[in-house]
Structures are given as structure tokens and as C-alpha cells.
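A.B. asks: Quick one, fold the following:
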Amino acid sequence: MGVSFRKRLKRFFFTLLPIFYIIFALFIPFALSLRFSGGFSHTALLDNISKIRFTIYQAFLSSILTALLGIPGAYLVGRTKIHPFIKKVFRIMSSIPFVLPGITMAIGFFLVFGNNGIFVRTLRILGLDVQILYTFGAILLGHVFYNFPLFIRIVGEAWENIDGHLIEAGKVDGASNWKILSKIEFPVLLPAIMRAFFLTFIYTFTSFSVVLILGGIKFSTIEVAIYMYSRVTFDFKAAATLMIFQLLFISVLGFFTSVKREVYEKHHFKHLEKFPKWGYFFFTIATILIFLPLVYSAISGFLDYFGKFSLNNFKQLFQEDLEYLVGTDLKKMFIYTILIATISSLLSIIISLFGGYYSVRGKKINYVILIPAAMSSVTIAFSYVLIDIPTILKIIIVHSLITLPIAFGMIETGWRNIPQSIIDAAKVDGASNLKWIFKIAVPLMKNYIFTAFVYSFTISVGETSGTLTLSEPPITTFAAVVFRLMSSRNTEIAMALNTFYFAFVVSLFIIIELLRKEEVV
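C.D. replies: This next block holds a predicted model:
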């Protein structure tokens, strides 16, 4: 009786562990921050009505443009005969923008779309004198760049998993390509399209770095306003008011736009169409808008202001007094960045392992774990501004909450892909839950766990807005240092640091793609 009770108590604790973490790490600090800041202010809301309208407008328009570029890309990846090597390169390149810091992306945009950028110079040769940066168009372009991978991955994988026999049957019955798309494929793809669109809307609605860096000070979203109120003017009541509005708006929108995620059996037979001619045009546009800034961002450390090859950036990096410029040196920045990213990522994975295990067994834990996705980085970080705990602990907890929804989604998929027959066989042999989880489940899920760790780690390293809200030199991270260097016009040093970071991220994603099995999507 005692042993049975202890087992039930242990199972109850592990079931509630993810919920406890969300309550103590998110809800309680958030509630305390609202109490300390003085609550809701109607005046603050009315004073920021123009920012609210602009935030909604740019997020909706950005999401539409991202869908228009992302859905054709998802079709090419999921439904056409494309060379496996090109497919892997496309997946790697289209995944990287999602985890890049806004400031890293901005460096690529400056070198391509800035006044001395290759794209603008080409247009001038053709007789067109245009300015792209510091415009509304630059914000839209930056958002498309950032969120394009969501449609490639989410919609592309849904397209790839459609049963090829259904499409073959439609063709045998004489259905046109349009009819097959509208009657067979679109109903299957709709949940994935809606999910990608909603996630894009959330990320663009809570945009910080893209708006501030590419659009300039004349464009301000709710996220930028929260940061300014909390860190510049110290108007905590106005910041709290916008936080409450932002959270309620995203929650209500998510409730009314949610579409049930159907689970479809994966099929080995895939009906793939011949690669279309328009696909070459698409890749050309994608190269200019997405991959060219990515490549220039990667090699930025070797380029001077005019885009010519130079090693001067690296010389300045090691010669300048970085501590004088940003309050920390290279060694401290590296140690704190790795320490914070590693611990926060491990926290996210541990919570996700327990949460995913019970989620696939019918517990409604996923609704709780995904709550941080409805809150912006600045909002989560603001919850800790007035809490008296060590700065490094604040940043670790905030980063773990930011990466938790992404890690959970990947690890939960890993749990769902473990055959029930293996679980039943382990239990018949008398294996305890902990034993079969660590001896059988974890090894089977190692690719999912590693992928979740890489995404969490790189997102933590690149997280800018929340880190800027909390960091106090010398406790800071790579993204915050590069942002401060760019803000103080020390662009050359920022570009050198960026190249090191980029090489690191690309290496991690290449490993992910090499470990990826084609049947696991």
C-alpha cells in the first residue's frame, strides 16, 4: 500500500512539475510586477492608441506577405522533385533566420539594402534611386525574412506527409491540379497554414529589434513602447498597461483563430510533381530577399563599410577596449552567454520531457506550457525588473520561458513517434517508468532532444529585447553586446563578432540536418 501510494505521489509530482514551473517562474512574477507597477491605466492606453493600431496593421500585413512567399516555398520543398542536397541546403538556410538575433539580421540588411549595399547600388546603376532602410518597407522585409522559415517548416512538412495515393486517385478520376489542391490538399494543409500564420502574427506583433533597427525611431510597436517605459522613462504603470493589453489581445486572437491540429498517418508513398519553371523564379526572389542578407551577415566580419574585403574588423575586435564600450570584455561575454544559454536550454528540455510525456497521454499540460508563447520577451522580462534576485538567474529563467514552447513542441513530437509496442514490451519485462524512459525513450528521441537543445541554445544566445531589459554589465550576452556596439556606431566590431556567431550557428544546424532522418519530419 505504501509503495503504491509513493508511486502515485511521484507520478502526481512529475505531472505537475511543468505546471509548477510556469506558475512560479511566470505567473507569480507577472502578478507581482503588475502590483508593484500600479496596475492598469486607461490614460496610458489612450496615449498609445496610435502605436497599438500600427502594431496590429504591420503584423497583419507582414503575416500576409510572409504567407505569400512561404506557401510556394513549402510547396517546392514538400511536393516537388528537388535534389536532396538542394533540399537540405534550403532547409538549413531557411531555418537559420528564425534563431538569428535581430541585430545579426540587421547587419546583413545594412550590407545588402543599405545606402552602400549591393542591392541599392545595383538599382542606382539601373537609374533607380531608392531608400529601403529606415522605412516601413524595411520593417515588412525584415519580418518576411524572419518568419519565412515557419511556413517552409510547418506547411512544407504537412505537404510532404500527404498520402500520395489520394493525389494519384484524384488524377485517375480526371481531377485537375487546381481541384486536387482545393479539394484534397488544402483541407489537410489548412491547420498547418493557420498555425504558421498565427505564429507569424505573434512574432511580428511582438517585434522589437526589427522595428527599432530597420524602421528607426519614428516607427514604434507596443513591444518597443514597453521597453522604453520600463528602461528609459521608468513609467512602470504605462508599461504594465501595454503588457496587459498585449497579452489579452494575443490570447483572444489565438482562441478565435485556433484550428484543431489533425494528426495524419505518415506515408512512405509521396506523390512528387516535376519541379516547376516558376520555382527557379521563386528561388531567385528568395535568394535576394532571404539568402543574400544571410550570406552577407555571415561574412560581414571580412567586409568594410563599402563592402570590400578587409581584416580590419577583427583587428579592432581584439585591439579595442570592449569593456569601455559595452561594460564587459570578450571573456566575460563568452562565459555568461554560454552559461545562460546552456542552463536555460537544459531547463526548457527537462520541463518539456515531463510535459511532453504526460501530454501525449491525454493530460492537457500543453495549454499551460504554451502560455509563454502568448507573451513577448519584454513582457516576460519586465516581470523580473522589480524582483530582487541575481541578474544572471533572472536572465536564465526568462530565456527558459522564451524557449520552452519551441522545445516542448519538438520533444512532444518525439514522444508521439515512439511506437506503443516498444513501451508495452518494456512494461511487460518489468521496467519501471524511469528506467524505460532513460534506457529506451530518451535514446529513441535523441535527435529530437538535440534539435530542441540547438534551437533553445541559439535562441537564447540571440535573444535581445528581454536581455536588454534585465542585463547589468558585466552580466550580459552576445546579442546585447552586439546591439550596444551597433547603437554606439562601433559597427566594425559588431560585424566581427557576428561572423563568429554565424559560423557557430550554421555548424549546429548542419549537424541537425545530418542527423535528420527523411522519414522523421
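
A.B. asks: Next, the buried residues of stretch 204-222.
C.D. replies: 204-215, 219-222 (16 or more other CB atoms under 10 Å). (Each C-beta comes from the backbone N, C-alpha and C, glycine too.)

A.B. asks: quick one, phi/psi of F309?
C.D. replies: Phi and psi for F309, reported as degrees, to the nearest 10, are phi -60, psi 130.

A.B. asks: Which of the helices or strands spans G142?
C.D. replies: helix 136-160 (DSSP states H and E).

A.B. asks: and that helix, which residues are buried?
C.D. replies: Of the residues in helix 136-160, 136, 138-156, 158-160 count as buried by neighbour count, 16+ other CB under 10 Å.

A.B. asks: for it, packing partners?
C.D. replies: In this structure, helix 136-160 makes packing contacts with helix 49-79, helix 84-99, helix 102-113, helix 186-205, helix 209-210, judged by 3 or more CB pairs under 8 Å, 6 or more residues apart in numbering; DSSP states H and E.

A.B. asks: Which SSE is immediately downstream of the helix or strand hosting V461?
C.D. replies: Secondary structure assignment for V461, by DSSP H and E: helix 446-462. Using DSSP H and E, the next helix or strand after helix 446-462 towards the C-terminus is helix 465-470.

A.B. asks: Could I get the CA-only coordinates of that next one as CSV?
C.D. replies: Extracted C-alpha coordinates of helix 465-470, given in CSV (Å, rounded to 0.1, in the frame of the first residue of the first chain):
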residue,chain,number,x,y,z
SER,A,465,14.9,42.5,-26.1
GLY,A,466,14.4,40.6,-22.8
THR,A,467,18.2,40.5,-22.2
LEU,A,468,18.5,44.3,-22.7
THR,A,469,15.6,44.8,-20.3
LEU,A,470,17.4,42.8,-17.5
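
A.B. asks: number of nearby residues for A31?
C.D. replies: 11 (other CB atoms under 10 Å).

A.B. asks: hang on, it in a strand?
C.D. replies: No. Secondary structure of A31 (DSSP: H, G, I helix; E, B strand; the rest coil): helix, not part of a strand.

A.B. asks: Point out where the stretch 401-521 of the chain drops to low pLDDT.
C.D. replies: Within the stretch 401-521 of the chain, the ranges that satisfy pLDDT under 70 run 420, 423-424, 426-435, 513, 516-521.

A.B. asks: Show me the helices in it, by range?
C.D. replies: 420-428, 433-436, 442-444, 446-462, 465-470, 478-487, 491-515 (DSSP state H, counting those that start in this stretch).

A.B. asks: just for the stretch 1-150 of the chain, where's the confidence low?
C.D. replies: Where the stretch 1-150 of the chain drops to pLDDT under 70, the residues are 1-14, 92, 95, 98.

A.B. asks: closest to F20 out of the helices of the stretch 401-521 of the chain?
C.D. replies: Comparison of these against F20 by CB to CB identifies helix 433-436 as nearest, at 19.0 Å.

A.B. asks: The residue nearest to F151 when sequence neighbours are not counted: neighbour count?
C.D. replies: Excluding the flanking residues, the one nearest F151 by CB to CB, 6 or more residues apart in numbering is G70, at 2.5 Å. Counted with other CB under 10 Å, residues neighbouring G70 total 28.

A.B. asks: do K331 as well
C.D. replies: 10.

A.B. asks: Is it located within a strand, as I assumed?
C.D. replies: No. The assignment for K331, made by three-state DSSP, is helix rather than a strand.

A.B. asks: Relative to L322, how far out is it?
C.D. replies: 10 Å (CB to CB, to the nearest Å).

A.B. asks: can you check L123 too?
C.D. replies: 36 Å.

A.B. asks: For the two, work out which one has more neighbours and name it.
C.D. replies: With neighbours defined as other CB under 10 Å, L123 and L322 compare such that L322 has more, 22 against 15.

A.B. asks: Per-residue pLDDT of that one, please?
C.D. replies: At L322, the pLDDT value in this model is 89.

A.B. asks: Also the one 10 residues further on?
C.D. replies: As predicted, K332 sits at a pLDDT of 94.

A.B. asks: Pull the number of nearby residues for it.
C.D. replies: 17.

A.B. asks: what's the answer for I437, then?
C.D. replies: Counted by other CB under 10 Å, the residues lying close to I437 total 18.

A.B. asks: nearest residue to it other than its sequence neighbours?
C.D. replies: Spatial nearest neighbour of I437, chain neighbours left out: Y357 (7.3 Å); criterion: CB to CB, 6+ apart.

A.B. asks: neighbours around that neighbour, how many?
C.D. replies: The local packing of Y357 (other CB under 10 Å) involves 21 other residues.

A.B. asks: next one: the one 10 residues further on
C.D. replies: Counted with other CB under 10 Å, the burial measure for Y367 works out to 9 neighbours.

A.B. asks: Quick one: distance of the helix or strand hosting it to the chain centre.
C.D. replies: Assigning secondary structure by DSSP H and E places Y367 in helix 366-369. What separates the centre of helix 366-369 from the centre of its chain is 18 Å, taken as CA atoms, centre = their mean, to the nearest Å.

A.B. asks: Now tabulate the helices and strands packed on helix 136-160 in TSV and tack on distance to A373.
C.D. replies: Putting those into TSV (distance: least, CB to CB, whole Å) gives the following:
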stretch	distance to A373
helix 49-79	15
helix 84-99	14
helix 102-113	18
helix 186-205	7
helix 209-210	18
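
A.B. asks: Out of the ones you listed, which gets nearest to S345?
C.D. replies: The nearest among these, by CB to CB, is helix 84-99 at 11.9 Å.

A.B. asks: Which positions in the closest one come out as buried?
C.D. replies: Quick answer for helix 84-99 (16+ other CB under 10 Å): K87, F90, R91, M93, S94, S95, I96, P97, F98, V99.

A.B. asks: Wait, the third one touches E160, no?
C.D. replies: No. With contact defined as CB atoms under 8 Å, R91 does not count as touching E160 (11.2 Å).

A.B. asks: what residues are shared contacts of these two?
C.D. replies: Common neighbours of R91 and E160, using CB atoms under 8 Å, 6 or more residues apart in numbering, are V77.

A.B. asks: And for F450, the neighbour number?
C.D. replies: Neighbours around F450, by other CB under 10 Å: 16.

A.B. asks: Report the contact partners of the nearest residue to L141 once chain neighbours are set aside.
C.D. replies: Excluding its sequence neighbours, the residue lying closest to L141 (CB to CB, 6+ apart) is L289, at 6.8 Å. Contact analysis of L289 by CB under 8 Å, 6+ apart lists L69, L141, V144, F145.

A.B. asks: The same query, at a cut-off of 7 Å, please.
C.D. replies: Counting by CB atoms under 7 Å, 6 or more residues apart in numbering, L289 touches L141, V144, F145.

A.B. asks: any idea how far it is from G142?
C.D. replies: 10 Å.

A.B. asks: check contacts around G462.
C.D. replies: V99, L100, P101, T104, A479.

A.B. asks: what about 6 Å?
C.D. replies: V99, L100, P101, A479 (CB atoms under 6 Å, 6 or more residues apart in numbering).

A.B. asks: now stretch 348-360: mean pLDDT?
C.D. replies: The average of the pLDDT scores along stretch 348-360 is 89.

A.B. asks: Okay, buried residues for that stretch please.
C.D. replies: So for stretch 348-360, counting by 16+ other CB under 10 Å, buried means S348, I349, I351, S352, L353, F354, G355, G356, Y357, Y358, S359, V360.

A.B. asks: cool, and stretch 174-186?
C.D. replies: A175, I180, L181, I184, E185.
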